[in-house]
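**Student:** my questions are about this predicted structure, shown below with the sequence.
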Amino acid sequence: MTDSPPTFSYAQLNWDEQGQPISSVFGDVYFSKTDGLGETEYVFLHHNQLAQRWQALSENESFVIGETGFGTGLNFLCAWNTWLQTAPASGQLHFVSVERYPLSLESLEKSLELWPQLKPLSDQLIHQYPKCLVEGVHRLEFANVSLTLIIGDAVSGFKELQASFHPDYSGGFAGSSMDAWFLDGFAPSKNPQMWSQDLFEIIARLSKPQTTFATFTSAGLVRRGLAAVGFSVVKEKGYGNKREMIRGVFDPALIEASEPELVKSEFLEQTAEPRKPIVVRCQETPWQVTGETPEKYQCHRWQEKTVAVIGGGLAGCISAYALSQRGFDVQIFESQDDIAQAASGNPQGVVYARMSPETGSLPNFNLQALQAAERFYVPFWSDYPSIGKRCGVLQLAFNDKQQALQDQISARFGHQDLFSTLDSTAASELAGVSLNHGGLYFPDCGWVHPRNLCRTLLAQKDIPVQASCTVTKIKFEHGLWTLFDDRKTPLGQFSHVVVANAKDALALKQSQHLPLRSVRGQVSFVPSTAMSSQLNMVVCSEGYLAPADASGHHCLGATFNPKSEDLTVFEHDHLANFAHIDQFSHELGQDLAPKAISDIRGRAAIRCTTPDYLPIVGPLPIPKRFDERFDRLRKNARQHIPCAGSYYPGLYTSVGYGSRALAYLPLATQLLVAHMNHEPNPIGFELARALHPARFLIRDIARNKR
């Protein structure tokens, strides 16, 4: 049965004579009618002392802001602008904002026209604004500034950032907490549902000693609510005609000195609903949280940021590039004589993911990953023609089943800018060739030359590669990892290691438990013809056909054979690939049909996938300790065990992408970096658990399969 799709409502706006937006639902303004920019700078930037704090940051240091109510994005843009003026160039600003009623792209553009001085930044925000805006977490990257935009109500939205829903392990994801809060949104008198006790409690859980807050309101409900959870509260002169505002600092010692019962009574009176007691359920067992490490792991060198990436394919190179952007000193170790040789070695790979009318980990990740991938590849497509082309991708409805599925997908998502539905006539016109069917058209997708992409990424960050080097062993001593090759020769010491070598991860003791599966795939290289050279988009059905590359060949593929690791190029697989062309277009099928199948060149490679078809991203668990800590699950898989997991210090993995590596890796790598660099969760609690390397261990223990 199809799950109900995520639902939300766009903000309903009226516009005043000055062109300023007003919420027709809450009857309130988004910012001061007198000077919205000045209000933001005074209330949020000045009273959180951001300019002074950012000037004092060290190189590569990060800072995290949490905000209630993204609204028009004005606060984000002002913070970003000040960050650029005051923070170290190597610093990283993370801005996390929750919005229940987001503006449509059209309304966002109209609102931001009010601030021409911010146009260089607002143009970037508009360009990256999610094309398919659904409930959940959306991560947007702007060089050294990231925006984590969470669509949903404030409480559930901020809970997405927690390491666990268990009350004893509910701190920030990967150790990150807020450094400052912008408590914005509509006034408590207009929007009392947001300013709840639950909100103040989750704000406290995501704070640390000396976390600051500032807010435009001085309502007693807000003052007492923040005081009850451990914030000092100081009144200040309000902006413009407002008499007062408040600011403060988080100090857990203040919680005992507060009067929570008074606060609780006030909320009960306002909501007329009793507070629900905290109930810990079995599914909240915090296995994904890193538990206390053994004494020998406590070492000052743990703070170093040197990384060995094992594997020089797409996963390794994109990981290395992203970590280098965060100030890590990265080196790649590749067993082949050059990078991107194995599954990443095809000359054309397609950036696409399968949409679904259902919700769940796999379809939700596909949706978010595809949008992140489009944002990631756009500048490379624009500046480096050898990397590929943003030519659009058409997923054909090539039979009745596919047509019914695509109808359900279109009904679920409705109007959005990620894809559109085309009939065969419109599809043929856009594609430049006659097509048998219409389908879902993704205008901002395209194809990529993986090896050229990898080379460009490494060249931009001057990342060294040690090729023809097979890492067969890694060993942790004195706070560092030592890598050894097949001759037992030490290759260097690093504070962190990323295992990104697909199925070869099984050769390492620390990752040999991962349930990786090999799937053979073969592509065919087809010489272009006068007709086929008119094809100007990627067409997909059960296989894909890409437009001709610079060599004058199309890449056609790929077969799917999970029972073979034979890299021989087979004629019967060429025939299978050519059979797909007839699904695309009868005319193309006849035009591209080879005179002799033996004349066709091709390439076979082994993809690496997982039992649930989701990649494996994050810290590597210690299986023996998992068996010990969660042994009781064998007798009762539903019981709650208040115990964190156990993980190798500084050891991570990024594997299992199957045929979706190009689409999945940009977002999955954001998750990897968040784990390693202690950043806010870029994909949300449930998806992070769904991709977690320990998920298979905990499932097997619960099923008594270990």
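**Tutor:** Good, I have the coordinates. Numbers count the residues shown, from 1 in each chain.
**Student:** any idea how far F186 is from the residue nearest to A204 when sequence neighbours are not counted?
**Tutor:** Among residues not flanking A204 along the chain, V229 sits closest, at 3.7 Å (C-beta to C-beta, 6 or more residues apart in numbering). (C-beta placed from N, C-alpha, C; glycine too.) When C-beta to C-beta, to the nearest Å is the yardstick, V229 and F186 sit 21 Å from each other.
**Student:** next up, the contacts around Q406.
**Tutor:** Residues near Q406 by C-beta atoms under 8 Å, 6 or more residues apart in numbering: Q395, A397, T421, G439, L440.
**Student:** among these, name the buried ones.
**Tutor:** Buried by 16 or more other C-beta atoms under 10 Å: Q395, A397, G439, L440, out of these.
**Student:** next one: phi and psi at the third one?
**Tutor:** Comment: the main-chain dihedrals of G439 come out as phi 170, psi -160, following degrees, to the nearest 10.
**Student:** who touches the residue positioned nearest the centre of the chain in this structure?
**Tutor:** For the chain, L667 is the residue whose C-alpha lies nearest the centre (C-alpha atoms, centre = their mean; 3.8 Å). Applying C-beta under 8 Å, 6+ apart to L667 gives the contacts R139, F365, Q368, A369, A372, A373, P682, I683.
**Student:** could you list which of those belong to strands?
**Tutor:** Counting by DSSP state E, the contacts of L667 place R139 in strands.
**Student:** of the contacts of L667, closest to G175?
**Tutor:** Ranked by distance to G175 (C-beta to C-beta), the contacts of L667 are led by P682 at 14.8 Å.
**Student:** verify the stated contact: that closest one with A674.
**Tutor:** Yes: using C-beta atoms under 8 Å, P682 makes contact with A674 at a distance of 5.5 Å.
**Student:** quick one on the thing from earlier: how about the contacts of L667 in JSON lines, adding pLDDT and distance to T217?
**Tutor:** As requested, the contacts of L667 are arranged in JSON lines below (pLDDT from 0 to 100; distance: C-beta to C-beta, whole Å):
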{"residue": "R139", "pLDDT": "97", "distance to T217": "29"}
{"residue": "F365", "pLDDT": "97", "distance to T217": "38"}
{"residue": "Q368", "pLDDT": "97", "distance to T217": "33"}
{"residue": "A369", "pLDDT": "98", "distance to T217": "38"}
{"residue": "A372", "pLDDT": "98", "distance to T217": "35"}
{"residue": "A373", "pLDDT": "98", "distance to T217": "40"}
{"residue": "P682", "pLDDT": "97", "distance to T217": "30"}
{"residue": "I683", "pLDDT": "97", "distance to T217": "32"}
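**Student:** nearest to Q493 among the contacts of L667?
**Tutor:** For the contacts of L667, the nearest to Q493 is P682 (29.4 Å; C-beta to C-beta).
**Student:** and the closest one, what are its phi and psi?
**Tutor:** Main-chain torsions, P682, degrees, to the nearest 10: phi -90, psi -10.
**Student:** where does it sit relative to S97, distance-wise?
**Tutor:** Distance from P682 to S97, counting by C-beta to C-beta: 13 Å.
**Student:** which residues do these two both contact?
**Tutor:** Residues touching both P682 and S97 (C-beta under 8 Å, 6+ apart) are T148.
**Student:** which of these two has more neighbours?
**Tutor:** A side-by-side neighbour count of P682 and S97, using other C-beta atoms under 10 Å, places P682 first with 28 against 22.
**Student:** among the contacts of L667, which lie within helices?
**Tutor:** Residues of the contacts of L667 located in helices (DSSP state H): F365, Q368, A369, A372, A373.
**Student:** and those, which is closest to D123?
**Tutor:** D123 lies nearest to A372 out of the ones in helices among the contacts of L667, by C-beta to C-beta, at 19.5 Å.
**Student:** tell me, how many residues neighbour that closest one?
**Tutor:** Neighbour number of A372 under other C-beta under 10 Å is 26.
**Student:** how about it, nearest residue that isn't a chain neighbour?
**Tutor:** Closest residue to A372 apart from its sequence neighbours, by C-beta to C-beta, 6+ apart: L667 at 3.8 Å.
**Student:** what does F696 give?
**Tutor:** P515 (5.3 Å).
**Student:** against P562, how distant is the residue of the chain positioned farthest from its centre?
**Tutor:** Distance from the centre of the chain peaks at K595, with 46.2 Å (C-alpha atoms, centre = their mean). Applying C-beta to C-beta, the value for K595 to P562 is 32 Å.
**Student:** before we move on, what about R634?
**Tutor:** The gap separating R634 from P562 is 30 Å, by C-beta to C-beta.
**Student:** with L667 instead?
**Tutor:** Remark: distance between L667 and P562 (C-beta to C-beta) = 25 Å.
**Student:** kindly report the same for E160.
**Tutor:** 34 Å.
**Student:** give me the more crowded residue out of these two.
**Tutor:** E160 (22 against 12).
**Student:** in this structure N364 contacts H138, no?
**Tutor:** No: N364 is not in contact with H138 according to C-beta under 8 Å; the separation is 11.7 Å.
**Student:** sorry, back to before: possible to save the buried ones among the contacts of Q406 as CSV with distance to Q325?
**Tutor:** Output for the buried ones among the contacts of Q406, formatted as CSV (distance: C-beta to C-beta, whole Å):
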residue, distance to Q325
Q395, 32
A397, 39
G439, 36
L440, 32
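**Student:** mind checking which of those residues land in strands?
**Tutor:** Using DSSP E, the members of the buried ones among the contacts of Q406 that fall within strands are Q395, G439, L440.
**Student:** how about L370, nearest residue that isn't a chain neighbour?
**Tutor:** Counting by C-beta to C-beta, 6+ apart, the residue nearest L370 is A353, at 4.2 Å.
**Student:** burial count for the one you found?
**Tutor:** 24.
**Student:** one more: S24?
**Tutor:** As a burial measure, S24 scores 11 neighbours (other C-beta under 10 Å).
**Student:** domains in the protein, by residue range?
**Tutor:** 35-271, 295-341+452-516+612-702, 393-443+517-609 (automatic domain parsing).
**Student:** now tabulate those domains in TSV and tack on distance to P347.
**Tutor:** Shown next, in TSV, are the domains of the chain (distance: least, C-beta to C-beta, whole Å):
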stretch	distance to P347
domain 35-271	28
domain 295-341+452-516+612-702	9
domain 393-443+517-609	6
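**Student:** what ranges in this structure fall below the confidence cut-off?
**Tutor:** Along the chain, segments meeting pLDDT under 70 span 1-8, 256-283, 291-303.
**Student:** biggest strand in it by residues?
**Tutor:** As assigned by DSSP E, the longest strand anywhere in the chain is strand 517-527.
**Student:** after that one comes which helix or strand?
**Tutor:** As assigned by DSSP states H and E, the chain's next helix or strand after strand 517-527 is strand 538-540.
**Student:** list the strands paired with that next one, with their directions.
**Tutor:** Looking at strand 538-540 with DSSP bridges, its partner strands are strand 393-396 (parallel), strand 544-545 (antiparallel).
**Student:** the helices in the stretch 451-600 of the chain, which residues?
**Tutor:** 571-584, 586-592 (DSSP state H, counting those that start in this stretch).
**Student:** so which of those helices is nearest S468?
**Tutor:** Among the helices of the stretch 451-600 of the chain, the nearest to S468 by C-beta to C-beta is helix 571-584 (29.1 Å).
**Student:** what are the buried residues along that closest one?
**Tutor:** Across helix 571-584, burial judged by 16+ other C-beta under 10 Å covers D573, H574, A576, N577, F578, H580, I581, D582, Q583, F584.
**Student:** give me the element L147 is part of.
**Tutor:** Assessed by DSSP H and E, L147 sits inside strand 145-151.
**Student:** mind listing the strands that strand pairs with, and their directions?
**Tutor:** Here strand 145-151 is paired, per DSSP bridges, with strand 92-99 (parallel), strand 136-142 (antiparallel).
**Student:** and those strands as a markdown table, adding distance to A467?
**Tutor:** Listed next are the strands paired with strand 145-151 as a markdown table, based on distance: least, C-beta to C-beta, whole Å:
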| stretch | distance to A467 |
| --- | --- |
| strand 92-99 | 31 |
| strand 136-142 | 29 |
